[in-house]
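1. Any chance you could fold what I've pasted below:
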Amino acid sequence: MDRPPPARVTLLGGFELDLPGRRPPTGDELPRAVQRLVAHLCLSRRPTRTVTAGHLWPDVPEDHAHGSLRSALWRLNKVAPGVVDASGTALCLAPEVRVDVRDLGDWAQRAVTLATGTEGVLVPDAALLGDLLPGWYDEWVLLERERLRQLRLQALEAVAARLASLGRLGEALQAAHSAVRAEPLRESAHRMVVGIHLADGNVVEAVRAYECFRTMLQDELGVPPSELMTRLLAHVPRIRRTLGARHPDCPRTGDLARSDDPLGGRAASGLLHGH
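-> Alright, predicted model coming up:
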């Protein structure tokens with residue numbers, strides 16, 4: 001007899017608890033206090049009850065915080081029994097519960113440590129590219145959101161570099177574009193895009209990507225691209241002058257962050273290392 005699929009917690013793009021064979025809990029059934037408890041356990045490794053209560057209710061007396069924790073655990077067990085193991089002094093998710101943030105971490109770890117071969121060299125599912133719990137402003141959420149953002153960017157660039165070195169330039173460009181979309185002013189991601197276009201023989205596309213980044217950087221920060229980036233196109237000065245003004249296709253930073261096809265830069269073979 002097949003085992004039912006495990007419960008799944010989504011934190012990227014917003015909170016969701018998926019219980020197999022059941023409709024998602026409503027906000028009344030799973031209020032924010034319970035959601036915060038589940039999210040905290042997804043991002044922690046067996047915290048004690050005292051630590052959990054202190055993180056989730058830092059502005060109330062300790063006995064009140066512990067009371068709020070007991071109430072949240074009771075409500076969670078009523079709606080989703082077995083999701084949390086609260087049998088001892090430490091709290092943790094049941095081992096079979098899937099968490100998208102952990103899937104992201106596993107993919108990123110493979111991406112940044114992969115040295116050879118193609119296993120694991122894939123752009124992740126779009127579901128893994130969302131921000132952690134948007135609209136939540138707890139300090140522990142903000143710190144983890146930034147850590148995951150940096151981890152994702154580094155992994156996307158590593159994937160783009162590896163795919164480009166394997167000659168899979170279309171997939172490499174997709175990974176580089178995902179990094180640009182996540183952080184529109186990140187030069188290393190834009191260098192990746194420029195380099196991939198050059199590796200594919202698309203000089204005009206490379207120059208257009210460079211000029212779009214140069215214009216955005218000037219508009220937002222009033223500074224030029226680094227010498228490392230300008231050296232990528234040192235051999236095409238005439239085309240650079242042609243596209244020196246804002247190109248009509250160049251998005252502004254806010255538009256780029258929402259775009260499904262952002263421009264950006266760095267890439268194959270020697271260009272991957274800024275040579």
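
2. What's the end-to-end length of stretch 41-52?
-> Stretch 41-52 has an end-to-end distance of 8 Å (CA to CA, to the nearest Å).

3. Please list the residues outside it that contact it.
-> Residues from elsewhere that reach stretch 41-52 (CB atoms under 8 Å, 6 or more residues apart in numbering): 9, 11, 37, 40, 55, 62, 66, 69, 84, 89-93, 99, 101-102, 140, 144. All C-beta atoms are positioned from the backbone trio N, CA, C, and that covers glycine.

4. What are the buried residues along that stretch?
-> 41-44, 47, 49, 52 (16 or more other CB atoms under 10 Å).

5. ok, now stretch 58-75?
-> Along stretch 58-75, these residues count as buried under the neighbour rule (16+ other CB under 10 Å): 65-66, 68-69, 72-73, 75.

6. so where's the stretch 151-275 of the chain shaky on pLDDT?
-> Within the stretch 151-275 of the chain, the segments meeting pLDDT under 70 span 237-275.

7. cutoff 90 now
-> Filtered on pLDDT under 90, the stretch 151-275 of the chain yields the residue ranges 234-275.

8. And for Leu128, the neighbour number?
-> 20 (other CB atoms under 10 Å).

9. mind checking how far it is from Arg32?
-> Per CB to CB, to the nearest Å, Leu128 is found 24 Å from Arg32.

10. ditto for Gln174
-> According to CB to CB, Gln174 stands 36 Å off from Arg32.

11. same question, Arg102
-> Noted for Arg102: a distance of 22 Å to Arg32, by CB to CB.

12. Show me which of the two is the more surrounded one.
-> Taking other CB under 10 Å, Arg102 and Arg32 do not tie; Arg102 has more neighbours (15 against 12).

13. Could you tell me whether the more buried one really is in a helix?
-> Yes - Arg102: assigned to a helix according to DSSP: H, G, I helix; E, B strand; the rest coil.

14. could you check the distance from it over to Leu91?
-> Going from Arg102 to Leu91 by CB to CB gives 16 Å.

15. and if you look at Pro58?
-> Separation of Pro58 from Leu91 (CB to CB): 17 Å.

16. where along this structure do the strands fall?
-> 8-10, 16-18, 84-85, 92-93, 98-99 (DSSP state E).

17. got a markdown table for these, with mean neighbour count too?
-> Shown next, in a markdown table, are the strands of the chain (neighbours: other CB atoms under 10 Å):
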| stretch | mean neighbour count |
| --- | --- |
| strand 8-10 | 18 |
| strand 16-18 | 18 |
| strand 84-85 | 18 |
| strand 92-93 | 18 |
| strand 98-99 | 17 |
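
18. Redo the ones you listed as JSON lines? Include mean pLDDT and distance to Thr215.
-> Putting those into JSON lines (pLDDT from 0 to 100; distance: least, CB to CB, whole Å) gives the following:
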{"stretch": "strand 8-10", "mean pLDDT": "96", "distance to Thr215": "36"}
{"stretch": "strand 16-18", "mean pLDDT": "96", "distance to Thr215": "38"}
{"stretch": "strand 84-85", "mean pLDDT": "96", "distance to Thr215": "50"}
{"stretch": "strand 92-93", "mean pLDDT": "96", "distance to Thr215": "46"}
{"stretch": "strand 98-99", "mean pLDDT": "96", "distance to Thr215": "40"}
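
19. among the ones you listed, which is nearest Asp200?
-> Asp200 lies closest to strand 8-10 among the strands of the chain, at 35.6 Å (CB to CB).

20. Would you pull up how far that closest one lies from the middle of the chain?
-> Centroid separation for strand 8-10 versus its chain: 16 Å, with CA atoms, centre = their mean, to the nearest Å.
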